[in-house]
Structures are given as structure tokens and as C-alpha cells.
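J.: give me coordinates for this.
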Amino acid sequence: MSDDLTIAHLASSTAADMTAAAEASIATGRAGIATVKIATVKAADPGVDDVAILEAYDEAIAAMVNLASLAGMVGKSHPDEAMRAAADAAYQAISTEVTGVSLDPEVYAVLHRLDLSREDEATQYYLAKTLREFRRSGVDRDLATRDRVRELQEEIVTIGLAFDRNIRRDTRTVRVPAAALDGLPDDYVRTHPAGDDGLVPITTEYPDIVPFMSYSTDAGAREDLWREFRLRAYPANVDVLTDLIGRRHDMATLLGYANWAQYITENKMIGTDKAAADFITKIADAAAARSADDYEELLTRKRVDEPDADHVLPWDTNFLQDRLKSEKLAFDTQAVRPYFEYARVKDGLMALVERMFGVTFTRRTDIPTWYEDVEVYDVTRTADGSAAGRIYLDMHPRANKFNHAAMFDMQTGKVSSEIHRLPECALICNLPKPGAEPALLQHSDVVTFFHEFGHLIHHIIGGHHRWSGISGVANEWDFVETPSQLLEEWTFDAGTLAAFAIHHETGEPLPAEMVEKLRAADEFGKGTFVSQQMFYASLSLELYRTDPTALDLTAATRTAMETHTPFSFVDGTHFEMSFGHLDGYSAMYYTYMWSLVIAKDLFTRFAGEGLPAPEASAAYRDAVLAPGGSAPAADLVRNFLGRDYTFAAYQAWLAA
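T.: The predicted structure follows:
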């Protein structure tokens, strides 16, 4: 691999370097756009190459977008506050510049006149998508409208960064009596000692809260921690979220749409906000009976301990589910943790992806990173050793870091006759960190790791196109969760797990019969899981479909929760303030379930072949991952399945 360390050095450099890089990327972008704007169409000058004009545009946008992507990652993960601030400022400045291009009638006029009818389908598709996005941005509106759109876009970016920053900064801690750790695994207890006051600090970070909510026998402590988790970024985000929703509504209506949800769904697979609402209703209806049954089981189990209980509280749910899995399915969820030591899981996952998709990961220790925990790997194609990309793994919690799990692209790849730019990306996650104690994962952590790696390998394998604008994860947004959710299927396969799920003390592989129990335990509570997802999907959609002047955020959260789940809203909580998807995904949380419907259908081909399914893996790589965003997602799925995808596989999964 050519050793261009620009990206790595910049991610680990100084605030001044980040600012200078942003200025340079904008200057490069402006120069490229100037080239586009002075281009003469073929009708006037047959010597002008239309492909060269598109190339100038593509490179100009890539110069800015790649730096913005890198800055976006750095702003959410770098340990230095000055660097995070500089990265946020860089992201804002570049976003403003790119918005200006999208609203420039001269640029649009040149691109609109290009004749690429003799070029390949991917090139024609790229141009058509590009022109559509120009129109959706308001390029064909009057100057006053374009100026207002530009202002609103700047405000939306600024507000969105503040929304995310307030969530990231608000890690809360509850101090509980040592007895509240009764039921927790021994390694968890050892790594959570009591302080001088005899109390144990438990944070709202995922490695702390997830096991605690499942295993602590102290309902009061669980409630305290749950409430603090539901109060993150409150009250800091009250006005911020209100403003974010309001500005987006203003922009959508300025452009002729009824609301932001209508605007943002228009260019997705689903097509309209009404279709999204109908989809949410369809899924909710399909899961309703099972969700009600799940809730009754939880309530029945709660009455074993509290005979007079008449409802299940949210902080009881995970605990009661764990008890039921143990008592009804004879499955101890803690028993699998010793088999999921972090380093083995990581190595096993990477080895699996190597076998499935014909790539090789090679650790690099000579490349600078933004934090000591970050690992770097070059990705090559196993068949010929050619370079495919580079990945960064930033996997453990720390202060002021993005506190969920996501893949962040750092550079989009491009392969043309003159340019060979490799895709690079990072996983930013919050899994338990190895130390004096081994880092033992919940199975849900393993699923998260596989999920995010699905995004990563999509970006790498799909990142080798002639045009940067359709390279990598550039599909319709409501398809992008499909590859990630598909890869989750392998976390329930006994043969796959046997390769790396090794007991960290005995060296024994995870028994196949335990995997069967693990699978059965995962099926348990499926109804309430789906209904909870529809709560999130409905909330995100309706917040962006409602007139902001009539919007009560807390009331909207209450309505969505009580409409779609069997649980009652808890007064005094403000989940929406830390619902980070309300920024990036905005109205589109439905994406997860929409993508899962497709993923379940895709998996039928793998299941039919039987895992590890090498032929299906290769076909999936070539038909779905490698094309990136060079064609509509539905076409990619059709090419892999040999037919259109259907709801049947998802329906069967839900009914199982």
C-alpha cells in the first residue's frame, strides 16, 4: 500500500493543522468549481470534454467532503478540546462552502448541459443523482430564497453539532451501595470498587449501564441509573433540539415541502413521509400481539417477586427478561461472557470477514493515531495483494468521546485513469476495555461489533469507483443499515462462533448447545424489541412532520412511546434530548427496520447455501457491496437475489 499518511497525521495533529487543512480543501474545491463554471459546452466548443467537466466537479466536491468527513470524526473522538473545536469549525466551514456550490445556478447549468449518454450506466446515474440534489437544494429558486436556504443550512449544521456535543459531554454517574452489585458478574464487581464513602460509582456509559440493568438485583439502583440515562443532555438540549427541528421545517417549507420529513424521505427508497408512516404502522401491527404477550410474561414474572404488581417499569425490563431466559430457557446470559473476550472477538470477526470477502487485514503500528487505544489496519485484496483501504478501530469509552457506536468515513475512495484514492474509515465504539481484568463482552456487544464492521467493510469494498460521489456507502440512506444488520446473523452461528468464542480461562470453545440457547434467548422478547424500535421510528418521523410552533417535545415522546410500546411514559424523563439520531438520521429512524426487512431476505440465500456460504459471500460482495452507490439499492438486491426483495423473510423471523 502506498504510504500516504496525510489522513492519519491530520487526525492526530494540532488544531492549527486542522484549520489549515480545511482552508486548503476549500481552496482546492473553489478552484475546481471555477474550472467547471468557465467550461464551454460541446455545442459551442467541440474540443471540451464533458467527462472532464464532471471530473473537475467530482474532484472539487471530494476535496471538501473528504476533509469534512475526517473533521466530523475528529470532532467526535479526539481527546483534545481545542482539536475538537477546530474540527467542528472545519466541518462547519466546509459544509457552508459545499452548500454554496449546491445553490450555484452557474454550476448547475453547466452540469445540466453535459451529454454523457455514451458513458457507462454508473456515470449517467451519478449525473442524474447530482442534478436532482441540486434541484432539491433550491438551485432553481430566486436569489432571496437561495440566500435564505444557505443561512438555514449553516444554522442547521451549527445546531446539530451543539446537539451532539451536549450528549457527548453528559456522562452521568450514580453512586450505589456495594450490595447493588449483587447479581453482577465477578469481573464487573472487581472493576467497580467502592469509594471512600462506601458507594460504587456506575456511569451511564454502555459498558457500565448495560450489564447493570440486566443483572443488578437492586431495583432502586436500576431506577436511579435508568433515570439518569434518560436525562442526559437535559436541559442543555431543550432549546437546541427545538431550534434544530424548527430550522429544518423552515428550510423544507421554503423549498415547497409540507415538512422536513417529506423533504428528507423524497430521495430515499421509501419515497415519501406517508410511506414511512405506513411502514411504521405495518411493522407495529405485525408485532403488536407478540409485544403484548412479551409484556404479559414480564408482568407475570414480576409478580413472582411482587405479587401486587400491576405494571412493568422500564428499568425492570432487561432484568426480568434475563430472569425469564434463565428460568424458562435454562440459559444463563452471564455464562457466555467468558467466551467473548474482546481481543478474541475482534480477531475472530476480522478473520471471518477476510474469509467471506477475500480481504486481508494487516496491523500497522507505525501510523499516528488520535489516541493510544486506536488500532490501524491496512486492507488488501487477498487474491493479488493489492491495496483496498485502511481502517481505524477506536473501540473503548473515554471522556468527551462519541458515546454510541458508529462507522465514520475518513476518505471516500476513487479509482480512475488518473486517480487512485483509497477508502479509509474508523469505527468509533464504546466496548469494555482490556486492562487488569479481561474485557468480557455481552453477546449484545458482539452483535454491535459485527454490525458496525458491516458498515466498515461496505465502505472499503464499495470504495473503488470512477466517481467519488457514488463510491463507498453512497446508497439511499434507508439501505445503509442493510449490510450491517446482515452481518449480525453470523453472531448466532455455532460454526462461526466456535472459531473465536473461546473461554478465556479454560480455552474451551463455546458449546454448540449453548449457541442454540443463545439463539432461543435472542428470540425471547422480540415483540417488545420491535415495538420499542417503532417507538423510536415514530418519534423521529413525527417530530419532523409536526408544525414546530405546536410541538411539545415531551408530549410527543410520551405519545410515541405509549402508542407503540406496552410501557408507560415515566414523568420527569427526557429521552429525546439524548436521542442522537434526531440529528444525523433526523426523521429516518425507520431506516433500521426497513433495512432489516431487506437484510432478512438477503440472508435467505446464505441460509439456503449453509454457512459459511462462500459462494453467496462472494456474490454478495460483488453484487451488493462492491457497487457502492453506483445504482439504485433495489437493483443491487435484485442482482443478488435474482428477484425483488419481499416482506416474507422478515415476517417469518418475527413469527418465529
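J.: and the closest residue to Ile419 other than its chain neighbours, which of the three is it?
T.: The shortest distance from Ile419 to any non-neighbouring residue, by Cβ to Cβ, 6 or more residues apart in numbering, is to Glu59 (7.6 Å). Bear in mind the C-beta positions are built from the backbone N, C-alpha and C, glycine included. The three-state label given to Glu59 by DSSP: H, G, I helix; E, B strand; the rest coil is helix.
J.: do the same with Cys425
T.: strand.
J.: check contacts around it.
T.: For Cys425, the contact set (Cβ atoms under 8 Å, 6 or more residues apart in numbering) comprises 389, 391-392, 407-411, 455-456, 459-460.
J.: got TSV for these, with secondary structure and neighbour count too?
T.: Formatted as TSV, the contacts of Cys425 follow (DSSP: H, G, I helix; E, B strand; the rest coil; neighbours: other Cβ atoms under 10 Å):
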residue	secondary structure	neighbour count
Gly389	strand	24
Ile391	strand	25
Tyr392	strand	26
Met407	strand	23
Phe408	strand	22
Asp409	strand	25
Met410	strand	24
Gln411	strand	25
His455	helix	22
Leu456	helix	26
His459	helix	29
Ile460	helix	26
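J.: quick one, strands of the stretch 301-450 of the chain?
T.: Applying DSSP state E, counting those that start in this stretch to the stretch 301-450 of the chain gives strands spanning 359-364, 375-381, 387-394, 406-411, 414-415, 420-421, 424-428.
J.: between strand 424-428 and the second one, find me the angle.
T.: Right, the one you point to is strand 375-381. 140 degrees (axes from the mean of the first three to the mean of the last three Cα atoms, to 10 degrees).
J.: what lies in contact with strand 375-381?
T.: Residues contacting strand 375-381 (Cβ under 8 Å, 6+ apart): 1, 8, 350, 358-365, 367, 369, 386-393, 395, 460.
J.: between it and strand 387-394, what angle do the directions make?
T.: Using the same axes, to 10 degrees: strand 375-381 against strand 387-394 is 160 degrees.
J.: adjacent strands (with direction) for strand 375-381?
T.: strand 359-364 (antiparallel), strand 387-394 (antiparallel) (DSSP bridges).
J.: with just CA atoms, put the first one into CSV.
T.: I take that to be strand 359-364. The C-alpha coordinates for strand 359-364 follow below in CSV (Å, rounded to 0.1, in the frame of the first residue of the first chain):
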residue,chain,number,x,y,z
VAL,A,359,-9.5,-9.4,2.0
THR,A,360,-6.6,-9.3,4.4
PHE,A,361,-6.1,-7.0,7.5
THR,A,362,-2.6,-6.1,8.4
ARG,A,363,-1.9,-4.3,11.6
ARG,A,364,0.1,-1.0,11.3
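J.: so for it, what gets flagged as buried?
T.: Across strand 359-364, burial judged by 16 or more other Cβ atoms under 10 Å covers 359-361, 364.
J.: give me the phi and psi for Leu199.
T.: Backbone dihedrals for Leu199, given as degrees, to the nearest 10, come out at phi -100, psi 150.
J.: quick one: neighbours of the residue nearest to it when sequence neighbours are not counted, just the number.
T.: Nearest residue to Leu199, sequence neighbours excluded (Cβ to Cβ, 6+ apart): Arg175, at 3.9 Å. Residues lying near Arg175 (other Cβ atoms under 10 Å) number 15.
J.: three-state assignment of Arg175?
T.: Secondary structure, three-state DSSP: Arg175 is strand.
J.: quick one, what contacts it?
T.: Arg175 sits next to 195, 197, 199-202 when contact means Cβ under 8 Å, 6+ apart.
J.: secondary structure class for Arg638?
T.: Here Arg638 takes the helix state, with states given by three-state DSSP.
J.: tell me the contacts of Glu481?
T.: Each residue near Glu481 by Cβ under 8 Å, 6+ apart is listed here: 591-592, 594-596, 599.
J.: good, wrapping up.
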